[in-house]
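K.L.:
Any chance you could fold what I've pasted below:
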Amino acid sequence: MTDRSAAMADFLAATDWHTAEARPLAGDASNRRYLRLHRPDGARAVLMDAPPDKGEDTRPFTRIARYLTGLGLSAPAILAEDATRGFLILEDLGDALFARVLERTPDDEMRLYTAATDVLVALHHHAPPADLPPYSPQLMADMAALSFDWYLKGATGEDSPRRAAFHTTMHDLLQLHAPEQDVLIQRDYHAENLLWLPERSGVARVGLLDFQDAMRGHRAYDLVSVLQDARRDVAPATESAMIAHYIAAADVDPDRFAAAYSALGAQRNLRILGVFARLCLRDGKAQYIDLIPRVWHLLQRDVAHPALAPLASLVHSTFPTPTPAILTRLKEQRAT
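P.N.:
Reported below is the predicted structural model:
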């Protein structure tokens with residue numbers, strides 16, 4: 001038994017789940033691990049294993065989970081916790097991820113995405129926790145520049161002298177079109193992190209996962225995240241309808257919101273290009289390279305907004321299109 005396994009066994013022994021059988025669940029791009037606990041009485045829960053020695057911390061998760069449930073949203077209830085050793089036992093919200101549900105019943109897309117948009121409308125009626133860090137234009141520009149450090153460098157083998165100009169342009173566009181930081185943004189709000197809970201009512205029908213990196217940000221950010229999904233194609237009609245639905249429900253200026261949505265979409269997709277390349281080149285997770293063409297396509301749509309013309313010029317003249325040859329080159333540099 002490893003030291004980590006022994007620590008987990010010790011944690012479970014002090015809880016109501018000491019008799020449970022643990023079975024692995026799918027992980028994510030972090031160092032966290034998840035196991036489903038099955039008790040002899042039929043009860044189920046989820047164990048989060050978040051090793052502190054690998055940079056994980058359960059406290060942001062528990063803090064945001066309690067904030068969300070306090071608003072009537074369906075984040076998992078915290079059943080037991082050991083922040084020092086990095087273990088949580090969470091309410092099991094099931095396996096009906098939006099992505100899996102829509103594989104079986106694609107005609108439900110509008111219904112599920114309307115529910116997900118309504119969650120954001122409800123969430124944005126409330127002030128975020130005061131001490132959440134801001135996802136500011138400066139930080140967003142820093143994150144978007146990961147596209148230079150990992151995607152561009154991995155694809156071409158060269159650094160670009162345009163990085164500084166890109167950073168300034170990205171920052172200035174975000175400062176102009178999306179400077180607000182007045183709502184909680186979950187930052188990974190998409191179909192692989194949302195669960196369909198039809199037995200519940202209203203906004204509680206959407207189960208929420210992977211929100212521990214929440215920050216204060218612009219209200220369009222999570223809408224971009226769910227509608228411009230790096231992992232699945234959302235029908236253009238659904239995207240357009242949900243943007244209109246949010247604008248009407250939240251009573252925001254349509255033109256200003258559209259410009260912010262495109263600017264944040266461009267920032268997010270540029271960041272994801274860098275993150276997916278990094279996951280391959282640094283962490284050996286080559287499967288993320290296969291998602292890059294979708295991200296690239298979304299980026300092209302975002303920079304086509306007239307307000308983003310200065311960024312569009314830089315993107316088109318600097319970044320290579322992710323052709324099969326480029327994707328192969330990235331995969332060939334996979335860390336081992």
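
K.L.:
Quick check: which ranges of the chain have low pLDDT?
P.N.:
Within the chain, the ranges that satisfy pLDDT under 70 run 1, 27-30.

K.L.:
so residue 12 sits right up against residue 18, yeah?
P.N.:
Yes: assessed by Cβ atoms under 8 Å, residue 12 is found in contact with residue 18 at 5.3 Å. Backbone N, C-alpha and C define where each C-beta goes, glycine included.

K.L.:
Neighbour count for these two, which is higher?
P.N.:
Per other Cβ atoms under 10 Å, whichever of residue 12 and residue 18 has more neighbours is residue 12, with 21 against 11.

K.L.:
Please give me every residue in contact with that one.
P.N.:
18, 20, 22, 37, 47 (Cβ atoms under 8 Å, 6 or more residues apart in numbering).

K.L.:
now with 10 Å?
P.N.:
Contacts for residue 12 (Cβ atoms under 10 Å, 6 or more residues apart in numbering) come out as 18-20, 22, 35, 37, 47, 80, 82, 87, 89.

K.L.:
Next: residue 184.
P.N.:
Counted by Cβ under 10 Å, 6+ apart, residue 184 has contacts 64, 67-68, 71, 120, 123-124, 126-129, 132, 211, 214-217, 219, 222.

K.L.:
What of residue 16?
P.N.:
Taking Cβ under 10 Å, 6+ apart as the test, what residue 16 contacts is 37, 39, 43, 45, 79-80, 89.

K.L.:
Mind giving me the PyMOL select for those residues, buried ones only?
P.N.:
Command for PyMOL that selects the buried part of these, burial taken from 16 or more other Cβ atoms under 10 Å:
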select buried, resi 37+45+79+80+89
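
K.L.:
Sort out which residues of the helix or strand hosting residue 265 are buried, please.
P.N.:
Assigned by DSSP states H and E, residue 265 falls within helix 254-281. Residues 257-281 are the ones in helix 254-281 that count as buried (16+ other Cβ under 10 Å).

K.L.:
Kindly report the same for stretch 104-118.
P.N.:
Buried residues in stretch 104-118 (16+ other Cβ under 10 Å): 109, 112-113, 115-118.

K.L.:
one step back: so which other helices or strands are in contact with the helix or strand following the helix holding residue 265?
P.N.:
Tracing the chain past helix 254-281, the next element assigned as helix or strand by DSSP H and E is helix 292-303. Applying 3 or more Cβ pairs under 10 Å, 6 or more residues apart in numbering; DSSP states H and E, one finds that helix 292-303 contacts helix 221-227, helix 236-250, helix 254-281, helix 309-318, helix 324-332.

K.L.:
Residue 2: which of the ones you listed is closest?
P.N.:
Distance to residue 2, taken as Cβ to Cβ, is lowest for helix 254-281 among the helices and strands packed on helix 292-303, at 24.9 Å.

K.L.:
now the closest one and helix 236-250, what's the angle there?
P.N.:
Following axes from the mean of the first three to the mean of the last three Cα atoms, to 10 degrees, one obtains 120 degrees for the angle between helix 254-281 and helix 236-250.

K.L.:
how far out from the middle of the chain is helix 254-281?
P.N.:
11 Å (Cα atoms, centre = their mean, to the nearest Å).
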